[in-house]
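Trainee: this is a predicted model, with the sequence first.
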Amino acid sequence: MTVTVTRGTIPVSSIDAAYLLDKKTGYIRLNKFSDNSYEEFMQSMEDLQRQGLQQLVLDLRGNGGGFMNEAVDMADEFLDGDKLVVYMKGAKTKKTEYRCKRPGLLEKGKLVVLVDELSASASEVLAGALQDWCRAKIIGRRTFGKGLVQQQYPLSDGAALRLTIARYYTPLGRSIQRSYAKGKKVYMDELWDRYNSGEMFSQDSVLRHQNGKKISSVCGEPLYEGDGITPDVFVPIDTSVTYNHLNIWLGSTKLNSYLYEYFMNNQAALNQYKNADAYTSGFPAASLWDGFVQKTAADSVKPTILKPIEKERLLLRMKALLARYKWRTSAYFQVLNTTDPVIQKAMEALAK
């Protein structure tokens, strides 16, 4: 057969999840800064405000950045007046400032921003501006440390040269960029160094690695320059990622196959939950276990060898994946967030 295929436009949202953690606390998880992220963010904010949002948890964990102007526009929704959000400056590039331009949706309510070692570039611009102005509490682990500005020059053969021309600086003049003096390999391997040195597990190790210049935020809190954004509240990395047997099942195609079959064969049971909230609080994850054990009975490695804590983590992930089939990605994170220690720290910070 000869078939003509027409390429379609497939929208890929930068918002993974947007829902209320409680009656007044919104949660938005942003996975990147694309050219329509600000529009999607505003739609989510307005929807949550109609539901009663008064304070927000903005999750930038794993967000590697993207369009810097999108981050500046989002910062404008939290900062008042014409506050400076970020500026760039280079050896041959004059200083360029990016400031707030309009009244924002949440200039007064409490705000928490979640970051980790994979939060980079535009994520660091946003987190750094909010931290400098004491507008948000930053929670998690030290960010990646990428604050370089590239300019693209087209070439005659259709290729292009992307040249680094400047650095990004937070409003108080902190350079976000980590040192590149020892080359790309050392720069990239620094994340492993953080893990091996204990920085991802201990607040004391974080403080020992602060080599940059120390300055103060507008409210007098200590800040450090040149190594990404150090959070105000440290939360260690989840050690469950080191559970070998658990990781075998989390990456298994058989797990997804089982959950899809369960979803298709148990529509009536799932339909009793009106929404993701009701499912998250009411669906018993343990009900998924026996069927999964039967599904994997012929496998050489069986889920029954999992330790109790590994089984608990696997069941939570299974419950979250099942929720995604019915209510999409937002429900997946809604389930996982019920036991997320970083979310718990965020709620504690908002309660103060």
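Mentor: Right, received. Where do you want to start? Numbers count the residues shown, from 1 in each chain.
Trainee: for the stretch 201-350 of the chain, what spans make up the helices?
Mentor: Listed in chain order, the helices of the stretch 201-350 of the chain (DSSP state H, counting those that start in this stretch) span 203-208, 244-250, 253-265, 267-271, 276-282, 289-295, 308-336, 341-351.
Trainee: past the helix or strand in which A166 is found, which element shows up next along the chain?
Mentor: Assigned by DSSP states H and E, A166 belongs to strand 160-169. Sequence order places helix 184-197 as the next helix or strand after strand 160-169, per DSSP H and E.
Trainee: pLDDT at L126, what is it?
Mentor: The predicted structure scores L126 at 98 on the pLDDT scale.
Trainee: SS state for it?
Mentor: Secondary structure state of L126, per DSSP: H, G, I helix; E, B strand; the rest coil, is helix.
Trainee: so what's the residue count around it?
Mentor: Neighbourhood size, L126 [other Cβ atoms under 10 Å]: 31. C-beta here means a position set from N, CA and C on the backbone, and glycine is covered the same way.
Trainee: how about it, nearest residue that isn't a chain neighbour?
Mentor: Residue nearest to L126 in three dimensions, not counting chain neighbours: A71, with 4.3 Å by Cβ to Cβ, 6 or more residues apart in numbering.
Trainee: repeat for L350
Mentor: Nearest non-adjacent residue to L350, counting by Cβ to Cβ, 6+ apart: K110, 5.2 Å away.
Trainee: phi first, then psi, for that neighbour.
Mentor: Backbone torsions for K110, taken as degrees, to the nearest 10, come to phi -70, psi 150.
Trainee: poorly predicted segments of the chain, please.
Mentor: Residues of the chain meeting the criterion pLDDT under 70: 205-212, 240-242.
Trainee: how about the contacts made by the residue nearest in space to the middle of it?
Mentor: Nearest to the geometric centre of the chain sits R61, at 2.4 Å (Cα atoms, centre = their mean). Counting by Cβ atoms under 8 Å, 6 or more residues apart in numbering, R61 makes contact with R29, L114, V115, D116, L118, S119, G140, V342.
Trainee: do the same with Y187
Mentor: Residues in contact with Y187 (Cβ under 8 Å, 6+ apart) are R178, S179, Y180.
Trainee: quick one: which of those residues is nearest to A297?
Mentor: Comparing those against A297 with Cβ to Cβ places R178 closest, at 49.3 Å.
Trainee: I figured the closest one hits D189, correct?
Mentor: No: in this structure, R178 is not within contact of D189 by Cβ atoms under 8 Å, at 11.6 Å.
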